[in-house]
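**Student:** what's the 3D shape of this:
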Amino acid sequence: MGSTAILFPGQGSQTPGMRDVVAAHRPELLEAAEEVVGEDPFPRAEEGTNFAQPAIFCASLAGWARLGSPDGDFMAGHSLGELAALVAAGCLSERDGLELVALRGRLMQDSGEQAGDGGMLALLGTGAAEHASELAEAHGLTVANDNSPQQVILSGARGALPDAAADAEEIGLRASELPVTGAFHSPMMAAAVPEFAAALERVEIAPSRVTVISAVSAAPFEDVREQLAQALTMPVRWRETMLALHELGADRFVEVGPGRVLTGLAKRTLRDVELVNA
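**Tutor:** Modelled structure (predicted):
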């Protein structure tokens, strides 16, 4: 018999109805989010990471609660979803997780605005994963999200994106700039790291009930504080994370947050597995 992996999504998975899920299943979490953020983050989730990240974090934990808060055999999260996974696994307290997510979203928003010229480019189509590193290197960009064999996101100076897109299209890929405020998961986020790392030092890290796979290393977390700080500037190795989970025996993948982003990526990465979107 195989194992189950519980997946927590990242930014870009927000849906119009996700606040209703939180209000129905975790109303106290909605109140906590309003307190930590300073206002209800859900109506402004499309405006930037400072609102989107705490909203998605809350919606993910509410979706998990709606299922009965299952542990599964493994957990993993895409980018900010790592914090939801670590809370669900008992490694971080829920309050600490929420405060870290709100801080992370604000710091990423501020860093993007201060740098001013950062952006992200989606590469889509057969061969995206094979060609992404070469394209990134040729244009001074970073592979930010290796999401699936057919979807990779590059990050870096916005001025370099049009030429990278043109080169990608010449080799048969589709390329489109993303509507984001910065070059996330690249060295251009370095200004966000010190304050976030300092906040991580102040929280308690407990042994997790379930093995949580880091999307920075595509392996079980070893140093939670260090790897969460690294995640601001390092790539999200999601394709490799899914392959690692499958190699560990996971053949059932349950996405518990809003949207179906991770379910779609898993479908493009793995074969003969059960995919559940809650």
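**Student:** which residues of the stretch 1-150 of the chain fall in helices?
**Tutor:** Along the stretch 1-150 of the chain, counting by DSSP state H, counting those that start in this stretch, helices occupy 18-25, 27-37, 49-66, 81-88, 94-115, 128-138.
**Student:** starting at the chain centroid, how far to the third one?
**Tutor:** Think helix 49-66. Distance of helix 49-66 from the chain centroid (Cα atoms, centre = their mean, to the nearest Å) equals 12 Å.
**Student:** Report the separation between the residue most central in space within the chain and Ser3.
**Tutor:** Central residue of the chain (Cα atoms, centre = their mean): Ser79, 2.3 Å from the mean position. Here Ser79 is placed at a distance of 23 Å from Ser3 (Cβ to Cβ, to the nearest Å). For glycine as for every other residue, the C-beta is placed from the backbone atoms N, C-alpha and C.
**Student:** follow-up on the earlier one: how far away is the residue nearest to the centre of the chain from His25?
**Tutor:** 23 Å.
**Student:** Can you show me the strands along the chain?
**Tutor:** 3-8, 74-77, 118-124, 142-148, 151-157, 174-177, 211-214, 219-220, 250-255, 274-277 (DSSP state E).
**Student:** Looking at these, which one is packed in the most?
**Tutor:** For the strands of the chain, the largest average neighbour count (mean count of other Cβ atoms under 10 Å) is found in strand 74-77, namely a mean of 28.
**Student:** Now find how far off-centre that one is within its chain.
**Tutor:** Distance, centroid of strand 74-77 to centroid of chain: 11 Å (Cα atoms, centre = their mean).
**Student:** Take that strand, keep the C-alpha atoms, and write them as PDB.
**Tutor:** Output of strand 74-77 as PDB, limited to C-alpha atoms (Å, rounded to 0.1, in the frame of the first residue of the first chain):
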ATOM      1  CA  PHE A  74       4.300  13.300   4.100                       C
ATOM      2  CA  MET A  75       3.700  17.000   3.700                       C
ATOM      3  CA  ALA A  76       5.100  19.600   1.400                       C
ATOM      4  CA  GLY A  77       4.400  23.200   0.500                       C
END
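**Student:** Report the contact partners of Thr126.
**Tutor:** 149-150, 172 (Cβ atoms under 8 Å, 6 or more residues apart in numbering).
**Student:** could you measure the residue nearest to Ala85 when sequence neighbours are not counted against Leu228, distance?
**Tutor:** Leaving aside its sequence neighbours, Ala85 sits nearest to Gly77 (Cβ to Cβ, 6 or more residues apart in numbering; 3.8 Å). From Gly77 across to Leu228, the span is 10 Å (Cβ to Cβ).
**Student:** Please enumerate the shared neighbours of those two.
**Tutor:** 83, 86.
**Student:** what's the burial count for Thr181?
**Tutor:** 20 (other Cβ atoms under 10 Å).
**Student:** Adjust the sequence numbering to begin at 18 for everything that follows.
**Tutor:** All right, first residue 18 from here; so that's Thr198.
**Student:** From the contacts of Thr143, keep the buried residues only.
**Tutor:** 166-167 (16 or more other Cβ atoms under 10 Å).
**Student:** The contacts of Thr143 into JSON lines, with extra columns for distance to Leu78 and pLDDT?
**Tutor:** Output for the contacts of Thr143, formatted as JSON lines (distance: Cβ to Cβ, whole Å; pLDDT from 0 to 100):
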{"residue": "Pro166", "distance to Leu78": "30", "pLDDT": "97"}
{"residue": "Gln167", "distance to Leu78": "30", "pLDDT": "97"}
{"residue": "Gly189", "distance to Leu78": "40", "pLDDT": "97"}
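**Student:** Of the contacts of Thr143, which is the nearest to Glu56?
**Tutor:** Nearest to Glu56 among those: Gln167, at 37.9 Å, using Cβ to Cβ.
**Student:** residue contacts, that closest one?
**Tutor:** Neighbours of Gln167 in contact, by Cβ under 8 Å, 6+ apart: 141-143, 145-146, 285.
**Student:** same question, Ala49
**Tutor:** Counting by Cβ under 8 Å, 6+ apart, Ala49 has contacts 111-112, 115.
**Student:** any chance of those residues in JSON lines, with neighbour count, distance to Val229 and pLDDT too?
**Tutor:** Listed next are the contacts of Ala49 as JSON lines, based on neighbours: other Cβ atoms under 10 Å; distance: Cβ to Cβ, whole Å; pLDDT from 0 to 100:
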{"residue": "Glu111", "neighbour count": "17", "distance to Val229": "15", "pLDDT": "98"}
{"residue": "Arg112", "neighbour count": "14", "distance to Val229": "19", "pLDDT": "98"}
{"residue": "Leu115", "neighbour count": "24", "distance to Val229": "17", "pLDDT": "98"}
